[in-house]
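[1] 3D model of this:
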Amino acid sequence: MVATAPYTWDSGTWTKLRLQVRKTKEGELKVQGKVWKQDGKEPEAWIIDHTIMGELPAGRASIWGNPYSGTPIRYDDLSVERAR
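    The predicted structure is shown next:
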């Protein structure tokens, strides 16, 4: 784990998650994330904003979760786009 942010999770409801990884300069990556309730407005600010030194590894995009409750996290409607 490289970064954390407080968030109150509501079990049994839909939650939207936006993750962004982009190269900011040679050998530096910016990782940003935000989360909000499905019926809410997307926050302007990123709640996770972390810099990683290195290059993006080759491969395919994927997402996974490791809940503390033991209940599986299910992802739906996953899309991968160029960072804005």
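
[2] I'd like to know how far residue 14 sits from residue 78.
    Plainly put, residue 14 is 14 Å away from residue 78 if you go by CB to CB, to the nearest Å. Every C-beta, even on glycine, is put in place using the N, C-alpha and C of the backbone.

[3] farthest residue from the center of this protein?
    The outermost residue of the chain, judged against the average C-alpha position, is residue 26 (22.4 Å), by CA atoms, centre = their mean.

[4] name the SS class of the spatially most central residue of the chain, please.
    Of all residues in the chain, the one closest to the mean position by CA atoms, centre = their mean is residue 19, 3.3 Å from it. Residue 19 falls in the strand class when you classify it by DSSP: H, G, I helix; E, B strand; the rest coil.

[5] show the contacting residues for it.
    Residues near residue 19 by CB atoms under 8 Å, 6 or more residues apart in numbering: 31, 32, 33, 63.
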